[in-house]
Each structure stands twice: as structure tokens, then as C-alpha cells.
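Engineer: show me the folded form of this:
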Amino acid sequence: MNTTSITHNAMLMTGKKVQLLIDLFFCLVLLPLMIYLLPIERWLESNLLFVCLLVAWLYIVYFVNRVFTIPSLFKNRKRMMWVLLIVIAMIGITYLLSKYKMDYPFRHHRPLPSPDGEPPRQPMTAAKFRLHQQAVWFLFVIVMTFSSAIGLLGELYRQRARRQELEAAKNKAELSLYKAQIDPHFLFNTLNTLYSMVVTQSPKTEDAFMQFIDITRYIYNNANQDSVAVDDEAQYLQQYIDLQRNRMNECTTINFSYDNDQQLPGAVITPMLLITFVENALKYGVSSNVKTVIDIALKVKDGVLTLTTKNPVRTKPTDENHVGIGIENCRKRLDLIYGEKYTLDIDNNDDIFNVNLTIHLKQDTP
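Structural biologist: Below you'll find the model as predicted:
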């Protein structure tokens, strides 16, 4: 099961737990409290069966309205007729219950017999009939309103979870597309380096091929992973830089440093996210006849990763405002994965290309 499905299922499980807690609150607290506020003791004396029927009916109204009526409004328009019939039926049954309370058992027109020593009970007046009828309708309206609100919130929550699932699936598809564009780009440049070494019969060719095999293994093992350890990604960058050094002469110097304060053990990052900036620095900063220094620094402090690259622009791109498809795709990946938890500043002034990337890392969870 992929991460998207797990997240969606977790949201649904959370929604069901919240729904269960609300149902328990209504059944065990709210409805009994509303009934207690009414003259329930006198109703029990008059007709126990009626009170039991009324309470059972209110619970039925709550669950039918929340479980079937409200969800049907969102799922299928063909059910609208059934929803209307059910609402009419609930109103009709409630009306009969209210009339039942008024007509029975207070249908006597003379004083009712009472135990010895007590004054005879008087028949209920029309005003009291109306109060009892209003009490029945009051409970019905409260139950309908509360169940409708809870059912509506539940449906909105499910729709939100569904939208997030679709959005996550869309983002994952876009990430796969960006990876497919980045990885061949990287492999093309690396193979071009190896080819030039073979043509020039460099003595470092064999070592370069071994480094290339290690890099390729890393790509193969982690291309489909959501995250890797920061230390592993740093080692991958080091291997890539060592491989690229094989095609450079003494005119180009590459300074690479990595520092991790380990304040966030198990810190992870999206794999092959930083390589784009390193590759770009080496692509446009290398020179075979002019002294060139390329600085690349990777640092992790207090759970925040910082990557800085600085290189002179020795090879001009065809479009001076173009920073490469790799960087543009990388920026999109950052937007999708880290959102507001990253900053990327690129400065391309005075023929010096500077990149400053910061990412608030997450900790790997088992």
C-alpha cells in the first residue's frame, strides 16, 4: 500500500473515531439531558409505554438522518425521492406521536380516581396538551438539526479526505515525471564524462567506472524511495564530485564540505534532490584554461539543511536567464514535497552563480 492510500485510510479512520465519539455524546449525554429538562416524571406516571416509544423514535430519527438521509444528498441524486419520502415519513410519525400524547391517556373528562387519602387527579387542560405537543416537536427538531449538522460535517470531512487523496496522487504523478526528466539528464552527463576519459585514455578510467557503478547502484536503490538519510545523500554527492574530478585538469578546484551536528538523529531528505545544484555548478563552472574555484557546502544544523554552491560562469548558457531544466524541475519538486518549509535563493550576477537552499528536515519514523 502506497503512502497516499495509507494517509487517506488514516484520515478516514480518524473521521470514524470522531463520529463515534459524537454519537456516544449525543446518545449518552445530550439527548438524556434534553429529556430530563422536560416533565418526564409526570409523563412516566401517565404512560410509560409512550415515553419509551418517544425516546426510541428520537434515536431512530438521529441515526437514519445522519447515516442515510444526509449522505444520500451528496452521493446520488436518484435517492432524492427516497430522502424526501423518509423526511415526510419521519414528520408524519412524529405528528402521530404528538397526537397520541394529547389524546391518550388524558381522554377522561371527569376527575380520575386516586389512592386513598389523596385528592382526585384532574384531567389535562388544552393548554397542557399543547405544551406536551410542543415538547415532542421540540425534541424532534433538535434531533433533526443536530444529526443533520453532524452528518453534513462528516460528509464534508470525507470529501476533503477524498480531495487530498486525489491531490496527493496528482503530486506523486508529477514527482515521477520530474524524476524521469532529472535522472536521464544526470546519466547523460556522467556517461559523457566517462566517454571523454576513454577517448583520452585517462589512467583514472577504471576508478571512474567503479565510481559510476556505485552512483548507479544508489540511484537504482533509492529512485523510488520517498526519503533517504541525509548522510547517505551527502556521500552520494561526494561520489559524484569525485567522479567529475576525473575529467578536470589543474585549472579547476572543487571544494566540498559536509557538516552535520546530529541534533536531529534520523534526519531524512528526498533522494537526488541536491544533485541538480551540484551538477549545475560543475557544468557551468569548470574551465580547462582559466583558474576556477567551485565551492559546495552542505550543512545540517538544528534540523535545518543548508546547501550553498558558488561557481564562476565559465560556460554561458544559450539563455542567460535560463538556469536549466534540472533546477526548474527541482524547484517544482521542492514546492510539492516541502511547501513552505524550504527557501531557494539563486543569484546570477557578475558572472558568479550562487545558490542558497535551506530545508527544514523531517525525522525518519519507523
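Engineer: was I right to think Ala135 contacts Leu38?
Structural biologist: Yes. In terms of C-beta atoms under 8 Å, Ala135 counts as a neighbour of Leu38; the distance is 5.1 Å. The C-beta positions use only the backbone N, C-alpha and C, and glycine is treated the same way.
Engineer: now the helices for the stretch 251-366 of the chain?
Structural biologist: 275-285, 325-338 (DSSP state H, counting those that start in this stretch).
Engineer: sorry, back to before: so for Ala135 and Leu38, which sits in the more crowded spot?
Structural biologist: Ala135 (20 against 16; other C-beta atoms under 10 Å).
Engineer: can you tell me the element that one falls in?
Structural biologist: Secondary structure here is read from DSSP states H and E; on that basis Ala135 sits in helix 126-199.
Engineer: pLDDT (mean, whole number) over whichever helix or strand comes after that helix?
Structural biologist: Per DSSP H and E, helix 126-199 leads on to helix 205-222 as the next helix or strand towards the C-terminus. Predicted confidence along helix 205-222 averages 85 (mean pLDDT).
Engineer: what helices and strands are in contact with helix 205-222?
Structural biologist: Judged by 3 or more C-beta pairs under 8 Å, 6 or more residues apart in numbering; DSSP states H and E, the packing partners of helix 205-222 are helix 126-199, helix 230-245.
Engineer: okay, these in JSON lines with mean pLDDT and distance to Ala223 next?
Structural biologist: As requested, the helices and strands packed on helix 205-222 are arranged in JSON lines below (pLDDT from 0 to 100; distance: least, C-beta to C-beta, whole Å):
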{"stretch": "helix 126-199", "mean pLDDT": "76", "distance to Ala223": "6"}
{"stretch": "helix 230-245", "mean pLDDT": "91", "distance to Ala223": "12"}
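Engineer: for stretch 26-33, measure first residue to last.
Structural biologist: End-to-end distance of stretch 26-33 (C-alpha to C-alpha, to the nearest Å): 9 Å.
Engineer: contacts for that stretch, please.
Structural biologist: Stretch 26-33 is contacted from outside by 55, 58-59, 62, 143, 146-147, 150, using C-beta atoms under 8 Å, 6 or more residues apart in numbering.
Engineer: buried residues in that stretch?
Structural biologist: Neighbour counts using 16 or more other C-beta atoms under 10 Å place 26, 31 of stretch 26-33 among the buried residues.
Engineer: that stretch - what's its average pLDDT?
Structural biologist: Averaged across stretch 26-33, pLDDT comes to 84.
Engineer: tabulate the helices and strands packed on helix 205-222 (a markdown table), appending distance to Leu274.
Structural biologist: Rendered in a markdown table, the data for the helices and strands packed on helix 205-222 read as follows (distance: least, C-beta to C-beta, whole Å):
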| stretch | distance to Leu274 |
| --- | --- |
| helix 126-199 | 11 |
| helix 230-245 | 6 |
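Engineer: what's the most buried one of those?
Structural biologist: Comparing the helices and strands packed on helix 205-222 by mean neighbour count (mean count of other C-beta atoms under 10 Å), helix 230-245 ranks first with a mean of 19.
Engineer: and that helix with helix 205-222, angle?
Structural biologist: Direction vectors for helix 230-245 and helix 205-222, defined by axes from the mean of the first three to the mean of the last three C-alpha atoms, to 10 degrees, enclose an angle of 150 degrees.
Engineer: packing partners for helix 230-245?
Structural biologist: On a contact count with 3+ C-beta pairs under 8 Å, 6+ apart, helix 230-245 meets helix 126-199, helix 205-222, strand 252-260, strand 267-269, helix 275-285, strand 292-301.
Engineer: okay, Thr343: pLDDT?
Structural biologist: 95.
Engineer: likewise for Ala297?
Structural biologist: In this model, Ala297 is scored at 97, pLDDT.
Engineer: got the contact list for it?
Structural biologist: For Ala297, the residues meeting the contact criterion (C-beta under 8 Å, 6+ apart) are 255-258, 306-309.
Engineer: of all those residues, which two lie farthest apart?
Structural biologist: Taking C-beta to C-beta, the two most distant members of the contacts of Ala297 are Asn255 and Thr306; they sit 15.7 Å apart.
Engineer: so which of the helices of the stretch 251-366 of the chain is the most packed in?
Structural biologist: Comparing the helices of the stretch 251-366 of the chain on average neighbours per residue, with mean count of other C-beta under 10 Å, the densest one is helix 275-285 at a mean of 22.
Engineer: so what touches that helix?
Structural biologist: Contacts of helix 275-285 with the rest of the structure, by C-beta under 8 Å, 6+ apart, involve 182, 186, 189, 236-237, 240-241, 244, 252, 254, 292, 294, 296, 307, 309-317, 323-324, 326-327, 329-330, 353, 355, 357.
Engineer: CA atoms only for the helix or strand containing Ala56 - export them in CSV, please.
Structural biologist: Here Ala56 sits within helix 48-64, counting by DSSP H and E. Backbone C-alpha positions of helix 48-64 (Å, rounded to 0.1, in the frame of the first residue of the first chain) are rendered in CSV as follows:
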residue,chain,number,x,y,z
LEU,A,48,-44.6,4.6,30.4
LEU,A,49,-45.1,3.0,27.0
PHE,A,50,-45.4,6.4,25.3
VAL,A,51,-42.2,7.7,26.8
CYS,A,52,-40.3,4.5,25.7
LEU,A,53,-41.7,4.9,22.2
LEU,A,54,-40.8,8.5,22.0
VAL,A,55,-37.2,8.0,23.2
ALA,A,56,-36.7,5.1,20.8
TRP,A,57,-38.1,7.1,18.0
LEU,A,58,-35.7,10.0,18.6
TYR,A,59,-32.7,7.7,18.5
ILE,A,60,-34.1,6.2,15.2
VAL,A,61,-34.5,9.7,13.7
TYR,A,62,-30.9,10.7,14.7
PHE,A,63,-29.2,7.7,13.1
VAL,A,64,-31.5,7.5,10.0
